[in-house]
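Participant: Whatever this is, show me its structure:
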Amino acid sequence: MKIMRPVVLAALATSLTTPALADRQETIYLNPFAGFQLFDDKRDLSETGTFGVGVEYRFLPRWSVEALYSRADANQKYTSGSSEFQELRIDGTYYFAGPDAAWNPYVSLGAGHAEFGVDDNRGLNTAGSDHEETRVNVGVGFRYNVSDVISIRGDLREFHGIDESTFDTMASLGLSWAFTRTVASAKPAPAPTPAPAPVDSDGDGVPDNRDQCPNTPAGAQVDSRGCPLDSDRDGVADYRDECPNTAAGATVDEKGCEGVTETIETIELRVQFPTNSSVIDATYDSEIRRVADFMEEYPETSVEIAGHSDSIGDAEYNRFLSQRRAEAVANRLTSVLGVDPERVSAVGYGEAEPVASNATPAGRTQNRRVEARIQVRR
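Facilitator: Just a heads-up that it's a prediction; the model follows:
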């Protein structure tokens, strides 16, 4: 017995200090779902049903990553028309229980790219309404395993649109199919010998042996070759381009600018909107035709439809409403009166550019206006 005791202790110590190599399980879920989405009021969209599908890879018992596609068709709240919404996103999920448990509650975090395409009730695209947006999201939910293959998933998720600081909410329910395999664990490979750090003389993140543009200025964004980016391809690198997004083929100066837009005529349009609305009809087409006639006479011009408001109410909402009203006038100008949409833009200035005092009713009436700013490029 005295001889066996040290042997038993040594075997026990070995079992405690050497971790066991266990097989692990990987699961791929196919997750079709249907949901109900509430949009931020800024979007001018009604709540609507949303449908989609996700492919989820559960690479560890409590961790997964999922790629999802969803779409919806929503009516507009404050203007006529509808919106075709679609989104691609990637979510990471942490489960509070293993895949063998019946109930798997979870939390999730992700990001995606959403598109909002808006059409009016005649099937015509509304000027300036289509847009794309990056949205991040956080969610909570559960997975209930009916069997080894079938499970039910419920999800509640909040989305934040980064570009316009919007908040959307969606609740969804889906039925999932699981495809599982067991992966045998391998012995850990020996740690590799660290390679010497590559030399990057100009500090642009591209090693000298791959850098085709050495001595890049500090802070300049570069491509994979180490050369400064030129996003609008006007021949002037982004780090010294003072006029980004120059039109393709435009002639620019050393600062990347092609000229200056100058307003040569301002036409105030006597257009009246219902309270808290941006809907207009053919009643004001004769008033708006003044702008179309001017632009037909001077084909080198473009026009900015500028919407303005008084200072009553929230400033951000006033800007939002003035933008919608400017877009409504611009849409009549292009879709009904035949002006080229490339020559028309719409900007809502809200209460930022008053022409009279907002302290009196008469002054506020003057400030609630729509202007057509006729412009030329010098």
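
Participant: Show me the helices in the protein, by range?
Facilitator: With helices called from DSSP state H, the chain shows them at 4-17, 285-297, 315-335, 361-367.

Participant: Next, format those as CSV and append mean neighbour count.
Facilitator: All C-beta spots, glycine's among them, are computed from the backbone N, C-alpha and C. Formatted as CSV, those follow (neighbours: other CB atoms under 10 Å):
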stretch, mean neighbour count
helix 4-17, 9
helix 285-297, 16
helix 315-335, 22
helix 361-367, 14
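
Participant: Least reliable of the ones you listed by average pLDDT, please.
Facilitator: Mean pLDDT values for the helices of the chain show the minimum at helix 4-17, a mean of 42.

Participant: follow-up on the earlier one: which among the helices of the chain is found nearest to Gly110?
Facilitator: helix 315-335 (27.1 Å; CB to CB).

Participant: What is the closest one packed up against?
Facilitator: Where contact means 3 or more CB pairs under 8 Å, 6 or more residues apart in numbering; DSSP states H and E, helix 315-335 is packed against helix 285-297, strand 302-308, strand 344-350, strand 370-377.

Participant: who does the longest one touch, helix- and strand-wise?
Facilitator: Under the contact criterion of 3+ CB pairs under 8 Å, 6+ apart, helix 285-297 touches strand 261-269, strand 302-308, helix 315-335, strand 370-377.

Participant: nearest to Asp148, of the ones you listed?
Facilitator: Once these are compared by CB to CB, helix 315-335 is nearest, at 50.8 Å.

Participant: Quick one: neighbours of the residue nearest to Ile267 when sequence neighbours are not counted, just the number.
Facilitator: Of all residues not flanking Ile267 in the chain, Ala372 sits nearest, at 4.3 Å (CB to CB, 6 or more residues apart in numbering). Neighbourhood size, Ala372 [other CB atoms under 10 Å]: 25.

Participant: where's Ala372 relative to Ser277, distance?
Facilitator: 20 Å (CB to CB, to the nearest Å).

Participant: ok, back up a step: would you mind telling me which of the helices and strands packed on helix 285-297 is nearest Phe36?
Facilitator: helix 315-335 (24.4 Å).

Participant: could you redo the helices and strands packed on helix 315-335 as JSON lines and give each row distance to Thr50?
Facilitator: Putting the helices and strands packed on helix 315-335 into JSON lines (distance: least, CB to CB, whole Å) gives the following:
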{"stretch": "helix 285-297", "distance to Thr50": "37"}
{"stretch": "strand 302-308", "distance to Thr50": "31"}
{"stretch": "strand 344-350", "distance to Thr50": "28"}
{"stretch": "strand 370-377", "distance to Thr50": "35"}
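
Participant: closest one to Leu38 among those?
Facilitator: Of the helices and strands packed on helix 315-335, the one closest to Leu38 (CB to CB) turns out to be strand 344-350, at 24.1 Å.

Participant: Okay, now the unreliable bits of the chain?
Facilitator: 1-23, 119-129, 185-188, 253-255, 259-261, 275, 378 (pLDDT under 70).

Participant: again, 80 this time
Facilitator: 1-24, 118-130, 183-197, 201-202, 215-220, 232-236, 239-242, 244-262, 272-277, 377-378 (pLDDT under 80).

Participant: now the strands: where do they sit in it?
Facilitator: 24-38, 48-60, 63-75, 82-95, 103-119, 131-145, 150-161, 166-183, 261-269, 302-308, 344-350, 370-377 (DSSP state E).

Participant: and the first one with strand 166-183, angle?
Facilitator: With axes from the mean of the first three to the mean of the last three CA atoms, to 10 degrees applied, the angle from strand 24-38 to strand 166-183 works out at 160 degrees.

Participant: What residues sit buried inside strand 24-38?
Facilitator: Residues 26-27, 29, 31, 33, 35, 37-38 are the ones in strand 24-38 that count as buried (16 or more other CB atoms under 10 Å).

Participant: ok, now the second one?
Facilitator: When burial is assessed from 16+ other CB under 10 Å, strand 48-60 yields the following buried residues: 48, 50, 52, 54, 56, 58.

Participant: so can I have CSV of the residues you listed showing distance to Thr216?
Facilitator: Output for the buried residues of strand 48-60, formatted as CSV (distance: CB to CB, whole Å):
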residue, distance to Thr216
Thr48, 48
Thr50, 45
Gly52, 43
Gly54, 41
Glu56, 42
Arg58, 43
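
Participant: Of the residues you listed, just say which sits nearest to Asp285.
Facilitator: Using CB to CB, the buried residues of strand 48-60 come closest to Asp285 at Thr48, 32.0 Å.

Participant: Quickly list what that closest one is bridged to.
Facilitator: Gln37 (DSSP bridges).

Participant: Would you agree it is in contact with Ala34?
Facilitator: No - the pair Thr48 / Ala34 is not scored as a contact, 11.5 Å apart, by CB atoms under 8 Å.

Participant: before we move on, back to that, got the contact list for the residue nearest to Ile267?
Facilitator: 266-269, 290-291, 303-306, 329 (CB atoms under 8 Å, 6 or more residues apart in numbering).

Participant: How is the protein divided into domains?
Facilitator: What automatic domain parsing lists as the domains of the chain is 24-183, 261-377.

Participant: okay if I get these as CSV plus distance to Pro217?
Facilitator: Converted to CSV, the domains of the chain look like this (distance: least, CB to CB, whole Å):
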stretch, distance to Pro217
domain 24-183, 29
domain 261-377, 30
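
Participant: To Ala220, which of those domains lies closest?
Facilitator: Among those, domain 24-183 sits nearest to Ala220 (CB to CB), with 24.2 Å.

Participant: ok, residues contacting stretch 262-269?
Facilitator: 284, 287-288, 290-291, 294, 301, 304, 329, 369-378.

Participant: repeat that for 7 Å
Facilitator: Outside stretch 262-269, the residues that touch it by CB atoms under 7 Å, 6 or more residues apart in numbering are 287-288, 290-291, 294, 329, 369-376, 378.

Participant: any idea which of those is closest to Ile162?
Facilitator: Nearest to Ile162 among the contacts of stretch 262-269 is Val329, at 29.1 Å by CB to CB.
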